[in-house]
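1. just need the structure, nothing else, for what follows:
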Amino acid sequence: MSIDARALVGNYIERTFPKYFNKASGGLRHPFIDPGEGYRGILWDWDAYFCLLGLEPWADQVADVARGCVLNFIDHQRVDGSIPYCLTEKAGKPGKARPADAAANSAKPLIAQFAVMAARYQESGVRGQGSEGCPQWLAEVYPALARHCEHWEETQQHDNGLFTFRSHRGSGSDDHPAVYCRPFNSSADVYLNSLMVEEYRAMGEVSGVGCRVSGGDELTKEWGKKAETLAQRMRELMWDPIDGAFYNLDVGSADPGKVNQEVT
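-> Residues are numbered from 1 along each chain as shown. Predicted coordinates:
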């Protein structure tokens, strides 16, 4: 893309993104972003995260909305630690934004990553710097973020260490043949496990001493260990050296084994 073309696209984004920002309304007590005309007034987990990640060049302008999205999700966290994967401004009060749905997944494991991004935007306007001196609110939401990770571990972690989607609903893989209409808890998905590795790393950052979380140093080590353990299980069970790619693993059978095509 030429410099002029990049400038043209950048100018268009800068002119249009504010119209997708929403003020606090109903059960959503903080500002948020919606993904477009077809979903006005709805906060979706990874839609909001990736939209705001793409708006990094305007970090100072979107920091409050990024923080608001995180706080809205945490407002609606359920007793079991799960978080609805989307919320509507029509909600009357926290916890009632979406009806209970036993077939739906919790929000994808990226809320901690979302929080880290929001804090970085708020503090420096750029992604990729350390968390020294991070905002107090990041420490305050740490328990809720940790509980969300625990919910995924308690409900969606297979005995082999990999994480599965409960169902295709709310997975973001709406019509992925390795997820869509599969039996519950049978699809150990590559991107889901990749998200969890990054979520563990983000939790380590949130628990850092700069965020004033009690016992931060030890917690950072623990989260880092979880990230590396999961990454290693992905390399062992999901990597096919013949194709040179990671594949989803069907864990619905008694012995799911590996995706590896090599003869053992």
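2. pLDDT of the lengthiest helix in the chain, averaged?
-> In the chain, taking DSSP state H as the definition, the longest helix is helix 216-237. For helix 216-237, mean pLDDT rounds to 94.
3. tell me the buried residues in that helix?
-> 216, 219-220, 223-224, 226-227, 230-231, 233-234, 237 (16 or more other CB atoms under 10 Å). For every residue, glycine as well, the C-beta is placed using N, CA and C.
4. quick one: residues in contact with that helix.
-> Helix 216-237 is contacted by residues 160-163, 188, 190, 193-194, 196-198, 200-201, 203-205, 207-209, 213, 246, 249, 258-259 when judged by CB atoms under 8 Å, 6 or more residues apart in numbering.
5. list the ones among those residues that fall in strands.
-> 188, 246, 249 (DSSP state E).
6. which one (most neighbours) among these?
-> Using other CB atoms under 10 Å as the neighbour criterion, A188 leads the ones in strands among the contacts of helix 216-237 with 29 neighbours.
7. look up which residues are beta-bridged to that one.
-> Listed by DSSP bridges, the beta-bridge partners for A188 are T164, L249.
8. returning to that earlier point: would you mind giving the buried residues of helix 216-237 as JSON lines with distance to Q136 added?
-> Listed next are those as JSON lines, based on distance: CB to CB, whole Å:
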{"residue": "G216", "distance to Q136": "14"}
{"residue": "L219", "distance to Q136": "17"}
{"residue": "T220", "distance to Q136": "18"}
{"residue": "W223", "distance to Q136": "20"}
{"residue": "G224", "distance to Q136": "23"}
{"residue": "K226", "distance to Q136": "25"}
{"residue": "A227", "distance to Q136": "25"}
{"residue": "L230", "distance to Q136": "30"}
{"residue": "A231", "distance to Q136": "31"}
{"residue": "R233", "distance to Q136": "35"}
{"residue": "M234", "distance to Q136": "35"}
{"residue": "L237", "distance to Q136": "40"}
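9. and the closest residue to S171 other than its chain neighbours, how many neighbours?
-> Once flanking residues are discounted, S171 sits nearest to F165: 4.7 Å by CB to CB, 6 or more residues apart in numbering. For F165, the neighbour count with other CB under 10 Å is 26.
10. list the contacts of F165.
-> Here F165 is in contact with 105, 156, 171, 173, 179, 185, 187, 189, 192 (criterion: CB under 8 Å, 6+ apart).
11. what about those, which are in helices?
-> 156, 192.
12. can you give me the strands in the protein?
-> Using DSSP E, the strands of the chain run over 21-22, 32-33, 42-44, 86-88, 164-165, 187-188, 239-240, 245-246, 249-250.
13. quick one: the first one to chain centroid distance?
-> In this case it means strand 21-22. 20 Å (CA atoms, centre = their mean, to the nearest Å).
14. tell me who's in contact with the spatially most central residue of the chain.
-> For the chain, the residue nearest the mean C-alpha position is L110 (1.6 Å; CA atoms, centre = their mean). By CB under 8 Å, 6+ apart, the contact set of L110 is 45-46, 49, 195, 198-199.
15. reformat the residues you listed as CSV; add distance to K23.
-> What follows is these, written out as CSV (distance: CB to CB, whole Å):
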residue, distance to K23
D45, 20
W46, 22
Y49, 20
L195, 29
E198, 30
E199, 29
